[in-house]
Each structure stands twice: as C-alpha cells, then as structure tokens.
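Participant: Please work out how this folds:
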Amino acid sequence: METTTPETKYWYERIPHAVTMLFMIIVFVTLLTYIIPAGEFKRVLIEGRNRVIPGSYGIIPSTPIGFLDMFKAIPLGFKAAIEVMFVVFSGGIMFGVMEETKAIENAVGTFVQKIGREKKYLAVIIMTFIYGALGVFVGYEHNIAMIPIAAVVSLALGGDLVLAAGISVGAVTIGFGLSPINPYTVGIGHKIAELPLFSGALLRSILCFSALSIMAYYNVRYLKRISKNSDRSLGKGLNEDGIVLSKPLSDYTISINNWLVVGAFAVGLAAILYGVFNWNWYINEISAVFLMVALATGIISGMKATRISETVLKAVAYVAPGAFMVGFATTIKVLMEMGHISDTISFHLSEVLKELPLYLSAVGMSISQSVINFFIPSGSGQALATLPVMLPLGEVIGLTRQTTILAFQIGDGISNLMNPTLGGLIAMLSMCRVPLDRWFRFIFPVTITIFILSAITLIIAVAIGYN
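Facilitator: As a prediction, this is how the structure comes out:
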C-alpha cells in the first residue's frame, strides 16, 4: 500500500490571509482592553501639537470594548482612513488611464530594450537606491505615484510583483524610516531634545545607505532565485493584467503622444513635490493632482468620455482590495483610542528599560518603540507621545539624547516594513497588487537583518557617546 506524506510547510507559508490576520489583531486588541489598565499621560499644546508631560502618567477608569463596539470600530476605522483610501483610488485611476494609453508600457519596454535584460540585476540595484532616495528626500505617502512604475519594470525584467514591492515599497520605507533628514521623526525629536536640527547625520546616513544596500542585495537574490525556478516566486497567481509587457521588447518604441502623456505625469509629480515642500500639501492635494493627471492623459491620448469612464471603473476594481485593507487596518488604531491603553503600554515599556544594562537599554528602547509603533503608527504622533518620556529616561540610564532619538528612529522606521497598522504601507503594497501575507514572507528576513545591523549601530553609538 502506497503512503503519502503531507508536504512540509515553512512557518511563513502558514501566515494567514491578510484579512484574517487583521481581524485576529482586532480581536486581540479588543481583549487587551480587558487585561491592560486604561491610563493616560497629561499633554500640553505646544505649537499646535499635543506633547506628553513626563511623569504625568496616571490610571483612568477602564473602557473595555464590547462585542458590538468591536464591530462598530470597523466603520469608524474606514472613516478615519478615508483620505489614505482615496489616494489609493486616485492613484489607481491615474495609472489605469495611463496604462490604457500604453504610454507606461511603451516607455518601460523601450527602457529595458536599451539596457538589455542581461543587465537586469544592475537595473534592480539602481532602482532600489532611486526609490530609497525618494524615501529619504521626498517622504512616504508622497511617493505612491511612483510605485506602479516599479511593477511594470519588474515584470519587464523577468521579475514578479513581489520583487516590484521590494524595489519600491521596501526601499521607500527604509529610506524614509532611516532618513537622516526625516522631519517627522528626527526633526521633531531634535526639536523636543533641543538639539541642532538633523545633527548627527553622518552615522544616520551610513546606517541608511547600509540598510538600502541590504534591500538591494535581497532584491537581486530573489530575482536570481525566481529566474532559476519560477515555482519559487511569491508572486504566482497575482493579477498582472495591464502591467505586463504585451509584445516582444524589439517591438517597443515611444510615440510623440506617449511622450506627451509621460510629460503630463512628470508635470503632475513636479507640482506635488513643489506643493509638499512649499505649501504643506498632503494626501488630499496629492489625490487631486492624480485625478487631474488622469483627465489630462485621457484627453491628450484622444480617449472619448465613455472609454475614460470605463477605464476609471476598471482601475477602481483593481485597487479596491488595497483601499479596503487600509480602512480595515485603521480599525486597530481606533480600538486603541477607544480602550485608552496606548499610554499604559508606553509607560510600562519605559519602566522596563530602567532595569537593563546600558548597551542593552539602547537596543531595548528601539525594540520598545517598535512595539509602540504597532499601536501608534504615525511617526510624528509617536515622537510626541514617547520622546518626552524616553529622553529623560535615557539621560537617567546614561544615554545621550542623540542616541535616544536614534533608537526611536530605528524602532519606528524598521518596524514599518512589517507594520499592518500603517496605512501608507498597505496603500503602496496595494499599488503593486501584493497582499500583506505574501509581503511578510518576502520582507521578514530583510527586516531581521536590518534590525541586527541597526542594533550594532546603536551599540557603537553608546560606545562613542554619540552626540
């Protein structure tokens, strides 16, 4: 009698579907409101921002979340995330119309034709650093318009959509999270700590470049692996409609009309960057520009109103799952606010750090910030909530203020690679059509490797009295 043994599964292959995973977290956070006491720090309004007052933590009456309220938090999460959800829709609409004109496909096909597929590994490295630079200098959600381009290029080079996410989402997240000039983490941190703005940039720059190098190495390694054996691709079965090249490379050329469409996109991107840096534009303004570019490219390419309308609805259908995940993930943030347990977690984590040896305390502070980042995914919000507590604590245990801010930046920035509550991450993954569970399988070893590198950097910072 012939017997069969079940196929052995790796741990990462047992990661549940993204919707299942987020619902499990929602249930877990709801249960935490019955276990963790509610508490709050007192806050003071300084320059329009609420800043925590150190030593002001106190217990308040618990507000455990009931069964009905847990499900009520879901629509409230969608309400809170509406701006990020719509930027996903508007970005999808813009690229849907641009894809319909074939401008992106022709531009990418011509680009790959010029460089040749034999240089695909070099192209992956260069693109990883380009997207990393966008994260360093431009920001996070501001780069959402650039993500689908990586998808088209990755497929043209023989990669898959997961590689596209590694090139774009991974690099942007690392670049932004470890940027030596990040205004939301380092900038606010230096202001709270009363240090020169963006001081200590050399060590941060070395760390950021090294982390991006690790990301580039993993991207190339993954492309080599799936090139040898396509069955090892994590992108198998993902929807590639409209972004895969439809003809041989030798057939690609760029028409004048294509150049006009690409020019309209470039003008829109320039307008966004100017608005971000000069007029404090954010999500809603970016969404508006995306829609304007979509309309302009449709008109330039001679598309009739009916065709534009049909293209818009088709594009919305592609990005709707990602937009849904953004709202669903924001439910977790809503539950934390309803249960009033975020400050309690921050307070007790800071108390634990007092008992650690000096070198371990720096690494432990970074780990604690990673935990807090799950509950407070906003970099600026986390800085204002935790640094007024962590900075005095760091000085008590012997850490310089610069080292404390570095530990905060590392904890916030690296954990963003795997933070299911970060709307921007889920939004950008949706632009690559990559589900959260497959992203976790790909990015987990990268995250661990970069965190080990960062821990070594923190130990060096303590040893040299980084200031």
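Participant: helices or strands up against the lowest-mean-pLDDT helix or strand in the chain?
Facilitator: Among the helices and strands of the chain, strand 49-52 carries the lowest confidence by mean pLDDT, DSSP states H and E, at a mean of 77. If contacts are counted by 3 or more CB pairs under 8 Å, 6 or more residues apart in numbering; DSSP states H and E, strand 49-52 sits against strand 43-46, helix 379-397. (Each C-beta comes from the backbone N, C-alpha and C, glycine too.)
Participant: Can you show me the CA trace of the following helix or strand past the last one as PDB?
Facilitator: For helix 379-397, the following helix or strand on the C-terminal side (DSSP states H and E) is helix 401-415. Output for helix 401-415, consisting of C-alpha atoms alone and laid out as PDB, is shown next (Å, rounded to 0.1, in the frame of the first residue of the first chain):
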ATOM      1  CA  ARG A 401      19.800  62.500  23.700                       C
ATOM      2  CA  GLN A 402      21.100  61.800  20.200                       C
ATOM      3  CA  THR A 403      21.300  58.100  21.000                       C
ATOM      4  CA  THR A 404      17.800  58.000  22.300                       C
ATOM      5  CA  ILE A 405      16.500  59.700  19.200                       C
ATOM      6  CA  LEU A 406      18.400  57.200  17.000                       C
ATOM      7  CA  ALA A 407      16.900  54.300  19.000                       C
ATOM      8  CA  PHE A 408      13.400  55.900  18.500                       C
ATOM      9  CA  GLN A 409      14.100  56.300  14.700                       C
ATOM     10  CA  ILE A 410      15.300  52.800  14.300                       C
ATOM     11  CA  GLY A 411      12.400  51.300  16.200                       C
ATOM     12  CA  ASP A 412       9.800  53.300  14.300                       C
ATOM     13  CA  GLY A 413      11.500  53.100  10.800                       C
ATOM     14  CA  ILE A 414      12.400  49.400  10.600                       C
ATOM     15  CA  SER A 415       9.200  48.100  12.100                       C
END
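Participant: Point out the other helices and strands that helix 401-415 packs with.
Facilitator: helix 171-177, helix 188-193, helix 201-228, helix 358-375, helix 379-397, helix 436-464.
Participant: Can you name every helix or strand that the second one contacts?
Facilitator: Helix 188-193 is packed against helix 379-397, helix 401-415, with contacts defined by 3+ CB pairs under 8 Å, 6+ apart.
Participant: Those helices: lowest mean pLDDT?
Facilitator: Lowest mean pLDDT within those: helix 379-397, at a mean of 85.
Participant: Longest helix in the protein, by number of residues?
Facilitator: Determined from DSSP state H, the single longest helix within the chain is helix 305-339.
Participant: tell me which residues in it are buried?
Facilitator: Across helix 305-339, burial judged by 16 or more other CB atoms under 10 Å covers 308, 311-312, 314-316, 318-319, 322-336, 338-339.
Participant: Report the buried residues of the following helix or strand past it.
Facilitator: Sequence order places helix 342-353 as the next helix or strand after helix 305-339, per DSSP H and E. Across helix 342-353, burial judged by 16+ other CB under 10 Å covers Ser342, Asp343, Thr344, Ile345, Ser346, Phe347, Leu349, Ser350, Leu353.
Participant: Surely the first one is in contact with Phe375?
Facilitator: This points to Ser342. Yes - contact criterion CB atoms under 8 Å: Ser342 and Phe375 qualify, at 4.9 Å.
Participant: Show me whatever sits in contact with both of those two.
Facilitator: Common neighbours of Ser342 and Phe375, using CB atoms under 8 Å, 6 or more residues apart in numbering, are Met336.
Participant: Could you give the number of residues near the closest residue to Ile60 other than its chain neighbours?
Facilitator: Excluding its sequence neighbours, the residue lying closest to Ile60 (CB to CB, 6 or more residues apart in numbering) is Ala38, at 5.0 Å. Neighbour count for Ala38, taken as other CB atoms under 10 Å: 18.
Participant: Check the gap between Ala38 and Pro61 for me.
Facilitator: 7 Å (CB to CB, to the nearest Å).
Participant: coming back round to it: quick check, distance from the least confident helix or strand of the chain to the centre of its chain.
Facilitator: In terms of CA atoms, centre = their mean, to the nearest Å, the centre of strand 49-52 is set 24 Å apart from its chain centre.
Participant: Report the buried residues of that strand.
Facilitator: Arg51, Val52.
Participant: cool, and stretch 24-43?
Facilitator: Those would be Ile25, Ile26, Val29, Thr30, Leu32, Thr33, Ile36, Ala38, Gly39, Glu40, Phe41, Arg43, for stretch 24-43 by 16+ other CB under 10 Å.
Participant: Surely Leu197 touches His190?
Facilitator: Yes - counting by CB under 8 Å, Leu197 touches His190, with 5.2 Å between them.
Participant: more neighbours, these two?
Facilitator: Comparing Leu197 with His190 by other CB under 10 Å, the one with more neighbours is His190, at 21 against 11.
Participant: Now do the more buried one against Gly170, distance only.
Facilitator: From His190 over to Gly170 (counting by CB to CB), the distance is 27 Å.
Participant: for Gly302, same thing?
Facilitator: When Gly302 is compared with Gly170 (using CB to CB), they lie 38 Å apart.
Participant: more crowded one of those two?
Facilitator: For Gly302 versus Gly170, neighbours defined as other CB under 10 Å are more numerous around Gly170 (31 against 9).
Participant: On the pLDDT front, check the nearest residue to the more buried one once chain neighbours are set aside for me.
Facilitator: Of all residues beyond its chain neighbours, the one nearest Gly170 is Met215 (5.2 Å), with distances taken as CB to CB, 6+ apart. pLDDT, Met215: 98.
Participant: Isn't Met215 up against Val446?
Facilitator: Yes - using CB under 8 Å, Met215 makes contact with Val446 at a distance of 6.1 Å.
Participant: which residues does the residue nearest to Ala461 when sequence neighbours are not counted contact?
Facilitator: In this structure, Ala461 finds its nearest non-sequential neighbour in Thr403, 4.7 Å apart by CB to CB, 6+ apart. Applying CB under 8 Å, 6+ apart to Thr403 gives the contacts Ala362, Gly394, Leu458, Ala461, Val462, Tyr466, Asn467.
Participant: Roughly how far does the fourth one sit from Leu202?
Facilitator: Just to be clear, that refers to Ala461. 11 Å.
Participant: same thing with the first one?
Facilitator: Using CB to CB, we find Ala362 at a distance of 18 Å from Leu202.
Participant: which one of those two has more residues nearby?
Facilitator: Legend: neighbour count by other CB under 10 Å for Ala362 and Leu202, higher for Ala362 (28 against 9).
Participant: can the buried residues of helix 342-353 go into CSV with extra columns for pLDDT?
Facilitator: Compiled in CSV, the buried residues of helix 342-353 are given as follows (pLDDT from 0 to 100):
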residue, pLDDT
Ser342, 86
Asp343, 87
Thr344, 89
Ile345, 86
Ser346, 84
Phe347, 86
Leu349, 85
Ser350, 84
Leu353, 86
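Participant: Looking at those residues, spot the one nearest Lys224.
Facilitator: Of all the buried residues of helix 342-353, Lys224 sits closest to Leu349, with 40.3 Å by CB to CB.
Participant: correct me, but Met98 touches Ala266?
Facilitator: No - contact criterion CB under 8 Å: Met98 and Ala266 do not qualify, at 11.7 Å.
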